[in-house]
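[1] task: produce atomic coordinates for the following.
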Amino acid sequence: MKKYISKIVVLLAVALSFSAATEAQLRVIIRPSITIGVRPPQPSPRHVWVSGEWNSNGGRYDYREGYWSEPRSHRHRYSEGHWRHSRRGYVWVPGRWR
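    Predicted coordinates for the structure are as follows:
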């Protein structure tokens, strides 16, 4: 009985590690067009414009407008999100602070 339980525990651990390692990505054949909105005035010289993002939501992408954000330090730089092409379609790569 102990061998049986230990095998189940090991199999569950392996299954969980594989599921955690795979990243679910929503792919589209034709990437959505760029949505252009009105950019509000810059609140201060320190603020950086964070471009709009495409968020996956139940099998589709929803667009979230851009906004002004203040970096945590003068070293932080914002890299904009972009569409990455693959053999099976396009995948949105979100922007991030570096």
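[2] could you check the pLDDT of Val48?
    Val48 carries a pLDDT value of 92.
[3] if you could redo that for Val38, that was the one I meant.
    On the pLDDT scale, Val38 is placed at 82.
[4] same question for the one 3 residues further on.
    At Pro41, the predicted lDDT confidence score is 95.
[5] could you report the neighbour count for it?
    By other CB atoms under 10 Å, the residues close to Pro41 number 6. Yep, even glycine has a C-beta here, placed from its N, CA and C like the rest.
[6] from Val93, how far off is it?
    29 Å (CB to CB, to the nearest Å).
[7] and Asn55, by the same measure?
    From Asn55 across to Val93, the span is 12 Å (CB to CB).
[8] and if you look at Trp83?
    7 Å.
[9] could you pull up the residues touching the residue nearest to Arg46 when sequence neighbours are not counted?
    Take Arg46 and drop its neighbours on the chain: the residue closest to it by CB to CB, 6 or more residues apart in numbering is Glu70, 5.4 Å away. Applying CB atoms under 8 Å, 6 or more residues apart in numbering to Glu70 gives the contacts Ser44, Arg46, His47, Val48.
[10] taking the residues you listed one by one, which sit in strands?
    With DSSP state E as the criterion, strands contain Val48 from among these.
[11] now distance to Arg64 and neighbour count too, for the contacts of Glu70, in JSON lines please.
    Shown next, in JSON lines, are the contacts of Glu70 (distance: CB to CB, whole Å; neighbours: other CB atoms under 10 Å):
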{"residue": "Ser44", "distance to Arg64": "22", "neighbour count": "7"}
{"residue": "Arg46", "distance to Arg64": "22", "neighbour count": "11"}
{"residue": "His47", "distance to Arg64": "18", "neighbour count": "14"}
{"residue": "Val48", "distance to Arg64": "17", "neighbour count": "14"}
